[in-house]
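Trainee: Quick one: sequence plus predicted model below, questions after.
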Amino acid sequence: MHQHHHRRLRLALATAAAAALAGGLLSVTAGSATAADSTHVPQADFNGDGIGDVAVSAHSAYVNGREGAGQIVALYGSATGVSSAKRSTISQNTTGVPGTAEAGDGFGGEIAYADFNGDGYDDLAVASPWEKVGDDTNGGGLAILWGSASGLTGKSSDVPDPARSSHDFWGKNLAAGDFDGDGKADLAVGTSSSTIHVYKGGFTTSGTPGGRYTVKPPIQSGTNSFPYGPLYLTAGDVNGDGRSDLIVDGYETQTEQGWNTNYYVPGTASGLSAASAQALKPGIVTGIGDINGDGYGDIVTGAAWNATTGDGTTIPDAAKGGKVNITYGSASGPASTTGITQNTGNVPGTSETDDGFGWDLDLGDINGDGYQDVVVSTPNEDINGITNTGMVTVLYGSASGVNTSSGMQGLAQSTAGVPGNNEKNDLFGADVKLDDVTGDGKADLLIGSYENGGNGGVTYLPSNGTKITTSGSRTVSPSTSGVSTTGSPEFGALFAN
Ligand SMILES: [Ca+2]
Ligand SMILES: [Ca+2]
Ligand SMILES: [Ca+2]
Ligand SMILES: [Ca+2]
């Protein structure tokens, strides 16, 4: 069941037609922020000890000899950060988790956290998008793993698909937020259709939600052979009204090309309002946080493709080697925009074809100055002739927005002190996450890669209070985390948001 290996690499395409030509592979990416205070980019705390925790997926891992059954690993924060020593490794074979680990299920194909039952412990929603449900191939499964003083243990509730015949790949996109501002975390669930299902908060620990409704943003619906619908869902408060808004990425329906486009779908007292949807800049992976400290969440999106399609057509709002589009928030929602490439100001590196700048990104406050900082990955960067070894760029927030003139950091495995070495196809930066996992109030950096032939790995680089440092850094490997290295588990290719 190799059909979903490296699916995200194949998906960084600007148009739906190009995606179809590339084989119609499925997007499985993280995408959310939790609860209402999302201008500050909340972090997970599954065990309630006040220190941030991180959930990592290995959704292609063998479990009990079943290829691609998938696992998730929760790494619990401590004063010295995260390591394999303090973790939970969970599959569908773990007691309490719905279903059974079967070949190709892809448990962990999408993951999102929030305190869904309001008991003070963050919980993890975990999809297995390729799960066969009854006779429905790729029907998809979704469970909520409940947090506790012992963290994630396997105690879970099933969140079954309420409309199985209408779509496939239930749960392939997830975003947690408080879309109606009632103080309870809601969960938005994507499928192959453009219709998004929203579970209202107040889940009981048996999994019963407070209610459910659907929203339909103006993106293309997929089919079984072209399973898109939304490519990515991101929650955050852009207009500062205390309700999370949802950014939906997909392919637009207005032109023949079907360009990748994001839509702002605002939260209201009655939930998400697709009637008020507003088109934004393109780019698949999005993060929302208050970069300029004005109280409004700013939308950061990575358009990792080049400036033109294969036949030379100009792609809107794109640049050679990839571009990050930033749309600053305001009381009336999305406002001014700016774009950043590796050629902007003093940003490290140079824009080269197929670098993939903006493949993944995240926000967090590394230096504690109240401005959210931005990390952007470039996993297809070649360094000293080593193809697709990858690098990560750290950009700092300020009152005038992202600072591209000073303070930036460029980090690769060849950077002094960073664990590991630059190797071909490492894809260092396959995913990135900025969260405080030491409890000092400053966001630390976690970098996922496809190290060692797709085994994957997570590199931990802490904040020293003013910047990301290699002092105290380490690699968390699949083999020490209870993940089989048979095949390509891709441990670290996806962090929960
Ligand atoms: Ca914790
Ligand atoms: Ca909880
Ligand atoms: Ca802002
Ligand atoms: Ca900052």
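Mentor: That came through fine. Ligands and ions are numbered 1, 2, ... in the order given.
Trainee: For residue 460, list the residues it contacts.
Mentor: 81, 82, 83, 437, 444, 445, 446, 473, 474, 475, 476 (CB atoms under 8 Å, 6 or more residues apart in numbering). From N, CA and C alone the C-beta is placed, and that goes for glycine too.
Trainee: just checking, which of these belong to strands?
Mentor: With strands defined by DSSP state E, the entries of these inside them are 444, 445, 446, 474, 475, 476.
Trainee: May I ask which two of those residues are separated the most?
Mentor: Spatial extent of the ones in strands among the contacts of residue 460 (CB to CB) is set by the pair 444 and 475 at 14.2 Å.
Trainee: between these two, who's got more neighbours?
Mentor: Taking neighbours as other CB atoms under 10 Å, residue 444 and residue 475 compare with residue 444 leading, 28 against 19.
Trainee: Neighbours of the residue nearest to the more buried one when sequence neighbours are not counted, how many?
Mentor: Setting aside the residues directly before and after it, residue 444 is nearest to residue 462 in space (CB to CB, 6 or more residues apart in numbering), at 4.5 Å. Residues lying near residue 462 (other CB under 10 Å) number 25.
Trainee: now do residue 246
Mentor: 32.
Trainee: What of residue 52?
Mentor: By the criterion of other CB under 10 Å, residue 52 has 25 neighbours.
Trainee: And residue 93, by the same measure?
Mentor: When neighbours are counted by other CB under 10 Å, residue 93 registers 17.
Trainee: Residue 14 versus the residue lying closest to residue 308 once chain neighbours are set aside, what's the distance?
Mentor: Spatially, and ignoring its direct neighbours in sequence, residue 308 is nearest to residue 314 (5.7 Å; CB to CB, 6+ apart). Per CB to CB, to the nearest Å, residue 314 is found 10 Å from residue 14.
Trainee: Compare those two and say which is more crowded by neighbours.
Mentor: More neighbours surround residue 14 than the other of residue 314 and residue 14, with 27 against 8 (other CB under 10 Å).
Trainee: Contact partners for the more buried one?
Mentor: Contacts of residue 14 by CB under 8 Å, 6+ apart are 259, 260, 282, 303, 305, 309, 315, 318.
Trainee: Next: residue 138.
Mentor: 129, 130, 131, 132, 168, 169, 224, 227.
Trainee: before we move on, what about residue 287?
Mentor: Contacts of residue 287 (CB under 8 Å, 6+ apart): 33, 41, 234, 236, 300, 361, 362, 363, 374, 497.
Trainee: Show the buried residues in those.
Mentor: Buried members of the contacts of residue 287, counted by 16 or more other CB atoms under 10 Å: 33, 41, 234, 236, 300, 361, 362, 363, 374, 497.
Trainee: Tell me the spacing between the third one and residue 195.
Mentor: When CB to CB is applied, the distance between residue 234 and residue 195 equals 18 Å.
Trainee: Could you do the fourth one as well?
Mentor: Between residue 236 and residue 195 the distance, using CB to CB, works out to 22 Å.
Trainee: Which of the ones in strands among the contacts of residue 460 sits closest to ligand 3?
Mentor: Checking the ones in strands among the contacts of residue 460 against ligand 3 with CB to the ion, the nearest one is residue 445 at 21.6 Å.
Trainee: and that closest one, how many neighbours?
Mentor: Residue 445: 26 surrounding residues under other CB under 10 Å.
Trainee: Residue 281 and residue 325 touch, don't they?
Mentor: Yes - taking CB atoms under 8 Å as the definition, residue 281 is a contact partner of residue 325 at 3.6 Å.
Trainee: where do the contact lists of these two overlap?
Mentor: 301, 303, 317, 337, 339.
Trainee: Please compute how far stretch 117-130 lies from its chain's middle.
Mentor: Stretch 117-130 sits 15 Å away from the centroid of its parent chain (CA atoms, centre = their mean, to the nearest Å).
Trainee: now do stretch 409-427
Mentor: The answer for stretch 409-427 is 22 Å, by CA atoms, centre = their mean.
Trainee: What mean pLDDT does stretch 257-265 get?
Mentor: Confidence over stretch 257-265 (mean pLDDT, whole number) is 95.
Trainee: make that stretch 132-145, sorry
Mentor: 94.
Trainee: now swap in stretch 291-310 and tell me
Mentor: 96.
Trainee: Please see if it touches ligand 4.
Mentor: No - contact between stretch 291-310 and ligand 4 is absent, the nearest approach being 8.4 Å (criterion: CB under 5 Å from the ion).
Trainee: same question, stretch 435-444
Mentor: No - Stretch 435-444 does not reach ligand 4 (CB under 5 Å from the ion); its nearest approach is 8.1 Å.
Trainee: can you pull the buried residues of that stretch?
Mentor: 435, 436, 437, 438, 442, 443, 444.
Trainee: residue contacts, the third one?
Mentor: Just to be clear, that refers to residue 437. Contact analysis of residue 437 by CB under 8 Å, 6+ apart lists 43, 51-54, 75, 77-78, 81-82, 444, 446, 460.
Trainee: Which of the buried ones among the contacts of residue 287 fall in strands?
Mentor: Residues of the buried ones among the contacts of residue 287 located in strands (DSSP E): 234, 236, 300, 361, 362, 363, 374.
Trainee: Can you tell me how far the third one is from ligand 2?
Mentor: Applying CB to the ion, to the nearest Å, one obtains 28 Å for the distance of residue 300 from ligand 2.
Trainee: now swap in the second one and tell me
Mentor: Distance, residue 236 to ligand 2, by CB to the ion: 21 Å.
Trainee: Can you read off the pLDDT for that residue?
Mentor: 96.
Trainee: same thing with the fourth one?
Mentor: pLDDT, residue 361: 97.
Trainee: Not counting sequence-adjacent ones, nearest residue to it?
Mentor: residue 376 (4.7 Å).
Trainee: next helix or strand past the strand or helix carrying the one you found?
Mentor: Residue 376 is part of strand 373-378 when elements are defined by DSSP states H and E. Sequence order places strand 391-395 as the next helix or strand after strand 373-378, per DSSP H and E.
Trainee: neighbours around residue 416, how many?
Mentor: 5.
Trainee: right, and it touches residue 470 too?
Mentor: Yes - here residue 416 reaches residue 470: they are 7.0 Å apart, a contact under CB under 8 Å.
Trainee: Residue 256 should be in a strand, yeah?
Mentor: No - Residue 256 is assigned coil when assessed by DSSP: H, G, I helix; E, B strand; the rest coil, not a strand.
Trainee: Phi and psi next, for the spatially closest residue to residue 276 that is not a sequence neighbour.
Mentor: Distances taken as CB to CB, 6+ apart put residue 266 closest to residue 276, at 5.3 Å, once the chain neighbours are dropped. Per-residue torsions, residue 266: phi -70, psi 150 (degrees, to the nearest 10).
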